[in-house]
Structures are given as structure tokens and as C-alpha cells.
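dropping a prediction and its sequence here:
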Amino acid sequence: SPSVSFVSGNGIEQQERTSVAGNQPEVEIPGEIAKTGEYSYPAPNGEQIRLTYVADRNGFRPQGAHLPTPPPIPEALIERFMMMAALGD
């Protein structure tokens with residue numbers, strides 16, 4: 001799997017790996033390409049921000065403690081969905 005990594009003088013770091021799943025010569029359809037990696041950089045407040053990711057046929061999927069997350073689904077709404085699902089069966 002090809003990979004690349006670097007560290008810059010200002011604290012930015014990056015690593016990325018590329019993989020090809022199912023890349024076999026006898027198969028006419030080329031294998032699925034996926035990239036996984038991470039990068040980090042210093043925020044203005046001095047905190048080191050780190051992001052990991054996967055990029056494949058399902059899109060770019062980043063993860064990091066600094067990324068916003070959706071609020072939890074209210075319990076009453078979950079109960080309502082469960083009730084509706086039970087009635088639909």
C-alpha cells in the first residue's frame with residue numbers, strides 16, 4: 001500500500017495510506033480504492049487539533065474531537081418512532 005507522511009516546520013503533520021481491495025488481474029472491474037489517514041495542526045490557542053479519516057466509495061468520513069456532533073435524539077421522539085414502527089408491522 002502506498003503511503004505518504006510529512007511533518008512541517010510549523011507543527012503540521014500528515015499521514016495517508018492508499019489501499020486497493022480486490023485488485024486481482026483476472027477480474028475486469030478494478031479494485032476499490034480507499035485512503036485512510038490523519039493530520040494534525042496547532043490551533044491558535046496552542047491545542048493540537050487531530051483529525052483521522054477514511055475516504056472510499058462511501059465518501060469522506062472524518063473523525064476528530066474538535067468536530068461538531070449532532071445533539072442526541074430526545075427520548076420522547078425515540079419512543080414515538082418505536083410506536084410507529086410497531087403499528088406499521
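Great, that's in hand. The shown structure was predicted, so the numbers you read here are calculated from the model rather than taken from an experiment.

drop to CA atoms for contacts and neighbour counts, all remaining ones
Will do.

what residue ranges in the chain score low on pLDDT?
In the predicted model of the chain, residues 1, 22-30, 89 satisfy pLDDT under 70.

OK, contacts around the most centrally placed residue in the chain?
When CA atoms, centre = their mean is applied to the chain, the residue found nearest the centroid is residue 61 (2.7 Å). Contacts were defined as CA atoms under 8 Å, 6 or more residues apart in numbering; by that measure residue 61 touches 53, 54, 55.

can you tell me the helix or strand for the first one?
When you say that, I think you mean residue 53. Taking DSSP states H and E as the criterion, residue 53 maps to strand 48-56.

which helices and strands does the top strand by length along the chain pack with?
Scanning the chain for the longest strand, with DSSP state E as the assignment, gives strand 32-42. Secondary structure elements in contact with strand 32-42, counted by 3 or more CA pairs under 8 Å, 6 or more residues apart in numbering; DSSP states H and E, are strand 13-21, strand 48-56.

just the CA trace of that strand, in CSV.
Once side chains and other backbone atoms are set aside, the C-alpha atoms of strand 32-42 remain, and they are given as CSV (Å, rounded to 0.1, in the frame of the first residue of the first chain):
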residue,chain,number,x,y,z
GLU,A,32,-12.0,-0.4,-4.7
ILE,A,33,-9.5,2.3,-3.8
ALA,A,34,-9.6,3.5,-0.2
LYS,A,35,-7.5,6.1,1.6
THR,A,36,-7.0,6.3,5.3
GLY,A,37,-5.1,8.9,7.1
GLU,A,38,-4.7,11.6,9.7
TYR,A,39,-3.5,15.1,10.0
SER,A,40,-2.9,17.5,12.9
TYR,A,41,-2.1,21.1,13.3
PRO,A,42,-1.7,23.6,16.2
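
contacts for that strand, please.
11-23, 48-57.

partner strands of it, parallel or antiparallel?
Strands flanking strand 32-42 in the sheet, each with its direction: strand 13-21 (antiparallel), strand 48-56 (antiparallel) (DSSP bridges).

tell me how far the helix or strand harbouring residue 80 is from the chain's mean position?
Residue 80 is part of helix 75-88 when elements are defined by DSSP H and E. Between the centre of helix 75-88 and the centre of its host chain there is 30 Å, according to CA atoms, centre = their mean, to the nearest Å.

fine by me, we can end here.
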